[in-house]
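Undergrad: Structure of the sequence below:
(chains A, B, C and D, ligands or ions: 4)
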Amino acid sequence: MGDGHSKEDIKKHIKLYIGIFIALLIGTVLTVAAAYVDLGHKANIALALFIASVKAFLVAGFFMHLTTEKKTIYTILVCTVIFFIGLMALTIMAHYDVPGAGH
Amino acid sequence: MTEPFAFLKKLLFMPVLASEHGKDVDNFIIYVHLLMGVLFVGWFSYFLYSLFRFSAKRNPKADHFGVKSHASSYLEVVVALVEVALLVGFAIPLWAKVVDDFPKESESTVIRVTAQQFAWNSRYPGKDGVFGKRDIKLVSGSNTLGYDPADPAGKDDVVPPLNDMNVPVNKPVIIQLTSLDVIHSLSIHPFRICQDAIPGQHVPLHFLPNKEGRFMITCAQLCGNAHYGMRGFFTVLSQEKYDKWMAEKAAAASASAGGFE
Amino acid sequence: MDVPYTTKPRSDTGLYNAKLGIWLFLASEVMLFGALFSSYILLRVNALEGTWPHGLLNIPIGTFNTAVLISSSITVVMAWASLKLGKFNHFKIYQGLTILCALAFMVIKSVEYKDKFTHYEVWFNDHEKKSIRGHIEVPGEEGNPWFMTHKKLAERKIETIKIHPDPKVTVASGKEAHGGAEAHDGHGDHPPVQEIKVADIKRLSAFVPAHSTYFAIYFTLTALHALHVMGGALVMAYLWGPGSKMWKTDPERFTNRIEVSGLFWHFVDLVWIFLFPVLYLL
Amino acid sequence: MQHTTHTAPHETSHEHHHEDLGFWRTYVFSTDHKIIGIQYAVTSLAFLFFGFCLMLAMRWQIAYPGEPIPVVGKLLETILGETAKGGIMSPDLYNVFGAMHGTIMVFLAVVPLAFAGFGNYVVPLQIGAIDMTFPRINMASYWSFFIGCVVMFFSFFIPGGAAQGGWTSYSPLASTIPTDGQTYWLIGMVLLITSSLLGAVNFIATIIQLRAPGMTWMRLPFFVWAQFVTAFLLLLAFPPLEAAGIMQLMDKVFGTSFFLPTGLMVGGQVADISGGGSPLLWQHLFWFLAHPEVYVLILPAIGIVAEIIACNTRKTLWGYRSLVYSVLAIGFIAFIVWAHHMYLTGMGTKISAFFQTTTMIISIPSVIILTCLFITLWGGSIRFNTPMLFALAFLPMFGLGGLTGLPLGFSFADLHLHDTYYVIAHFHYIVAPGTIFALFAGVYYWYPKATGRKMNEFWGKVHFWVSFIAMNLIFQPMFAQGMAGMHRRMYDGGATYSGVLDPETGDVVGLEAFIINLNKGITHAAMLMAVAQLPFIINFFYSMFKGEKVDDNPWKATTLEWQTPTPPPHGNFTKEIIVYRGPYDYSLPGAKEDYTPQTEPNHK
Ligand code: HEA
Ligand code: HEA
Ligand code: CUA
Ligand SMILES: [Cu+2]
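TA: Ligands and ions are numbered 1, 2, ... in the order given. Take a look at the predicted model:
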């Protein structure tokens, strides 16, 4: 397991983990609070998804060590994300692009 | 028109043609098949020749490297270019015409076609040129299409018998297509049209029939055990005959009042 | 004859087998939940004006459950870090806490589910009339029945039922709606109990999947997520109990197992991070 | 967690008492990739045969609508009752058989044979690994597949029979047919998907982690590359179908409306559902899998063909790198072409332009692959043995099928061709005389590795020539039928749409009689095809015991699977494997023999 995971490193990591834990809790509170503020429907959605993405980044990046992962893993995940976005975006766009749009 | 292709169309077993844009469809199919034909004949001859020339009997010692030239790359580029040409020059603009360039409703025969297991309902707007109001909340066993019986615009709507639609020749047709139950597909080969009828969705399509005659509607989407029998007729008439037919049906409709199935 | 790289990473990829394996598996999970997510969005933009229910979930409980799951993900890294530091006892504690969190999550989730199964909406044949949400009383049933439907009412030849409509409350996103589970006695003013003729009812449904596409996707997503929680909890319980013997024989491999199961657990957490706002708040 | 492997005790017990595993652990619940490969292969060959039998019955009905099925008619009536009354196929039974032919051929026959069967047997050998990375997951994958097969097979015998919504299972049809067939189908699919996912994880991990020293990426046999990309397709494309399957199952079992719109009618009544779903959502999720799935059907086949062609031309594959980049490109683009199956669901200009473009782009790597294989022939010294014959026939057959994909790829031409027999002919040319021939080739080619004996050459050639002719007689006329406007999934083979007279003019409306009559010829050819399989089946079993004994490397091939004893023992290799060279060093200038195995060091 070597890299970055020696005992000293781990001890440093633990501090980071606790920091992230607190950030996640704050993020949760923020998400709920933001939902009660009426910013307009679209803005509410955007904000909620933004906070969720930040939290997801913290979990994936640090708890799952993705910030220091190997190239193989990155390649796999990047492809996956591209395909996921393709699936979602194209399906939804196809829903809006129908015959007689100018009709 | 396309004399040089008449033979190819026969060779490809294409059925009669009775619509304006159908010419483009046929020509386009032929262009693609020409590309395919060239590739097939070229590669196939090469293939047979190599099998003959390089059989172990004739050529006991193989050459590790074989072909050194990269001529085939040019061939691949050519194939790609032809595909781009077909795509940009024909397929995309022609498709745009089919799905977007709708004729004016006032100058067309407008029909609402609703598929159901296993028949085709049709509805014409009648004299006023306006269909009755439809509301999804009104849908019930006796009013499957959800037309508002109170709406005056719907009173003169004409509903011919199932599976039988008529239109005048040389006048654009707009069909608004939907389905009651499962997905069907309205396919009329002589017009080179095909469109899925999807419950919950109303998809418009248009074409210009340019030949009188009686044509068959095929259901092109598996829709249950009698899918194979979901046949209908689409008849293109001269304007006079059409008017006569329409008058008959309109009279029948007002006799039965409301125009409901 | 051992399959190589079960413990030590392969030098050119820098990975041991199980780590690569779990990431591949997670990639496919991304596509699984991703497809359901896409479906959620499509169904939602597809919904007819005003038919997408809002504010029917219990936000405080949801928030609390989110916190529970987040806590479990810190304990799960701590469990792994403890092993890295060679502190097996700390590992036992953290791993135990993780499993408890998982259990707590499941218990809370089932309470939420139960609430939904006994909470109703009634639509009327007269489509001018607005639907009513609330708890119902049905003759022959004690208290608030589970999973009642208009079909069952008709089958039992019941003629009238009573409904206790939910108080009006303001929910997330400032929208006004009939309150969800959080609007129990206490706040809001209670509209009077109404008597309803079964003959007037077009549909009656508890907040079950069949209620609406919203609840359909809510239950599908959360149940699938809950299955993952249970699966993860089982594996972690195994590694906490009988599986932990491996610490004595092959500590490095055991640590790897904890890391790999942790990766799975974080993923489950990650999914929830998105599910919570999307299902509860928007 | 589930991704850990062999526990240590298991391992040691292997080392010390080899024979102790007993029959069950050695042949049934085995974790050895070779046994699992053979299990997959045998199961899927049985289903291949079964899928074909379904089609034979259907072909009879298409050619002779309403006439009792010869030979098996009575039997069908006994087993299935009402739906085969008097030995005549009912429309429901036709739809059951049609849906299950598609499902079985794709998910229970070709994929498990090409990907899991050959893949399991050959990939670890070819990369010099002792087994798959996760042997126990490998076993779980097979058993999940097997249970899925049992569920699918069992569903024929429940009341109302198996699924009848086509292999595409479009909602609302599939979810509103009142029988339970679809529910079984969905449960079966979830099991099959699970199996594929486990298999895919295993293949990818194996290829990344367990390559022997010296086996760099560019020294991998092309078959391994093909399997690698295939595994990714399965890994990432299947989950959306699983999601869709779960949703359709919810629709069937819990009365939800994921795919059912508001106002839907079922059986003439307004459906008692919440509504609000989208039928097209199912199609998107289905085709998101099903297009990549067609490459799952073809890539392993291409891999097999490449191996056999290199070996039997005694030449290196021409353009190995282009081949590799092409399959990678196919693997990537395969995820964004799916909606070319949905042009006629009501698609605007922009989206259709996008999907037409990607569809054309993905055809280019296919052209490159075929070109490379064709050019490989030039300068070779071609041995026409049975595997080679099948592999060679694959090329023009796949070519024909692929080329006829091009018109379908344009939405404008699809107006005329959609859902006609032209589509049926298009993909059968790829999967039947294409993939199936490649699979036959693979069976003939690797048979000596698995059994130590060769299959009989003479009967192999008979099998080849009759099959080759029959296949073309079956599928070639379908192009004409499709062009003429004959649609697929027609219980009476299109008779209803044929030869009606216009009461006024007396003109014939609909399909011409001779187009319908082609049905008879096709059916007879399919029967010939069935007969042509007899030599194969007999040869297959006979040669196991009586076939000509051969040494470890009967084809004089270079890749690693031929560097092991035959059949390979548990653990595969008896010597340490180090790879020194690319996979196809045939007829190297200056070499003693006309092949130089990958394990041969350079003597410079
Ligand atoms: C393995 C299976 C497989 C493969 C590889 C392909 C490959 C392709 N397919 Fe096909 N397809 C199917 C299986 C397959 N398909 C199935 C099963 C269906 C029907 C599903 C259903 O509805 O039930 C279908 C349906 C289908 C449709 C939908 C039709 C419709 O329903 O209306 C379309 C449309 O774009 C399409 C296009 C293509 C294209 C462009 C390719 C391209 O990738 C092809 C590229 C290949 C080439 C271009 C060949 C190049 C060859 C040469 C250059 C050499 C020629 C030399 C000689 C012949 C000697 N296919
Ligand atoms: C991989 C996929 C695959 C394969 C290989 C085949 C193979 C064949 N298919 Fe099929 N087919 C489909 C996939 C496939 N099909 C799909 C997806 C559909 C659409 C379904 C739908 O509409 O939903 C379809 C539909 C379909 C139709 C259209 C039906 C309709 O629309 O109503 C027809 C019609 O003729 C047909 C015919 C055939 C024939 C004659 C073969 C022959 O080529 C079969 C040849 C097979 C053999 C010859 C078997 C040999 C087996 C052995 C030798 C076993 C040996 C055993 C041991 C040694 C143990 N198929
Ligand atoms: Cu309607 Cu098929
Ligand atoms: Cu496709």
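Undergrad: Can you list the low-confidence ranges for the stretch 1-150 of chain D?
TA: For the stretch 1-150 of chain D, applying pLDDT under 70 flags the ranges D:1-20.
Undergrad: All the helices of it, in order from the start?
TA: For the stretch 1-150 of chain D, applying DSSP state H, counting those that start in this stretch gives helices covering D:8-16, D:22-23, D:33-63, D:73-80, D:91-103, D:111, D:119-127, D:135-154.
Undergrad: any idea how far the closest residue to ligand 3 within chain A lies from chain B?
TA: Going by Cβ to the nearest ligand atom, ligand 3 is nearest to residue A:99 of chain A, at 20.0 Å. For glycine as for every other residue, the C-beta is placed from the backbone atoms N, C-alpha and C. Residue A:99 sits 4 Å away from chain B, going by Cβ to the nearest Cβ, to the nearest Å.
Undergrad: My understanding was that residue C:281 contacts residue A:32; is that so?
TA: Yes - if you go by Cβ atoms under 8 Å, residue C:281 and residue A:32 touch, sitting 6.9 Å apart.
Undergrad: Run a quick neighbour tally on the residue of chain D found nearest chain A.
TA: Chain D approaches chain A most closely through residue D:348 (3.5 Å), counting by Cβ to the nearest Cβ. Residue D:348 has 20 neighbours, counted by other Cβ atoms under 10 Å in any protein chain shown.
Undergrad: How about residue D:32?
TA: By other Cβ under 10 Å, neighbour count at residue D:32 equals 26.
Undergrad: what about the chain, any weak spots by pLDDT?
TA: Unless you meant another one, I'm taking chain A. A:1-5, A:101-103.
Undergrad: sorry, should have said chain D
TA: In chain D, residues with pLDDT under 70: D:1-20, D:603-604.
Undergrad: one more time with 80, if that's ok
TA: Applying pLDDT under 80 to chain D flags the ranges D:1-27, D:268, D:503-504, D:506, D:602-604.
Undergrad: centroid residue for it?
TA: Centroid-nearest residue in chain D, with Cα atoms, centre = their mean: residue D:110, separated by 2.8 Å.
Undergrad: For that one, list the residues it contacts.
TA: D:44, D:48, D:297, D:431, D:435-436, D:439 (Cβ atoms under 8 Å, 6 or more residues apart in numbering or on different chains).
Undergrad: Keep only those of those residues that are in strands.
TA: Taking DSSP state E, every one of the contacts of residue D:110 sits outside strands.
Undergrad: For the stretch 151-300 of chain D, what lies in contact range of ligand 1?
TA: D:168, D:294, D:297-298 (Cβ under 6 Å from any ligand atom).
Undergrad: Next: chain D.
TA: So chain D meets ligand 1 at D:168, D:294, D:297-298, D:340-341, D:359, D:362-363, D:366-367, D:370, D:396, D:399-400, D:402-403, D:405-406, D:408-409, D:414, D:418-419, D:423, D:426-427, D:430-431 (Cβ under 6 Å from any ligand atom).
Undergrad: Would you check which of the residues you listed are in contact with chain B?
TA: Near chain B, judged by Cβ under 8 Å from any Cβ of the partner chain, the entries from those are D:363, D:367, D:370, D:396, D:399-400, D:403, D:406, D:414, D:418-419.
Undergrad: who are the neighbours in contact with residue C:195?
TA: Per Cβ under 8 Å, 6+ apart, neighbours of residue C:195: C:160-162.
Undergrad: Oops, could you answer that again for residue B:120 instead?
TA: Contact analysis of residue B:120 by Cβ under 8 Å, 6+ apart lists B:113-114, B:162-163, B:165, B:186, B:217, B:230, B:232.
Undergrad: Pull up the pairing partners for the strand or helix carrying it, direction included.
TA: Counting by DSSP states H and E, the element that carries residue B:120 is strand B:119-123. If you go by DSSP bridges, strand B:119-123 pairs up with strand B:109-116 (antiparallel).
Undergrad: what's in contact with the strand it pairs with?
TA: B:120-125, B:129, B:131, B:144-145, B:165, B:167-168, B:171-181, B:184, B:186, B:197, B:219, B:223, B:230, D:265.
Undergrad: Next to chain B, which bits of the stretch 401-550 of chain D? Give me the list.
TA: Contact residues (Cβ under 8 Å from any Cβ) of the stretch 401-550 of chain D with chain B: D:403-404, D:406-407, D:410-420, D:480-481, D:483-485, D:487, D:489-492, D:494, D:496-497, D:500, D:502, D:504-505, D:507, D:509-511, D:515.
Undergrad: hmm, back to that, out of the helices of the stretch 1-150 of chain D, which is closest to residue D:314?
TA: Smallest distance to residue D:314 across the helices of the stretch 1-150 of chain D (Cβ to Cβ): 18.9 Å, for helix D:119-127.
Undergrad: got a list of contacts for that closest one?
TA: Helix D:119-127 has contacts (Cβ under 8 Å, 6+ apart) with D:33-34, D:36-38, D:40-41, D:130-132, D:138, D:199, D:203, D:206-207, D:210-212, D:215, D:220-221, D:223-224, D:227, D:230-231, D:300, D:446, D:449-450, D:559-561, D:564, D:568, D:572.
Undergrad: now, which of those residues lie close to chain A?
TA: Checking these against chain A by Cβ under 8 Å from any Cβ, not one of them is in range.
Undergrad: out of the residues you listed, which are inside strands?
TA: Among these, no member falls in strands (DSSP E).
Undergrad: Pick out the residue of the stretch 501-604 of chain D closest to ligand 3.
TA: Counting by Cβ to the nearest ligand atom, the stretch 501-604 of chain D gets nearest ligand 3 through residue D:510, at 15.6 Å.
Undergrad: contacting residues around that residue?
TA: Contacts of residue D:510 by Cβ under 8 Å, 6+ apart are B:216, D:497-500.
Undergrad: Since that was my last question, I'll sign off now.
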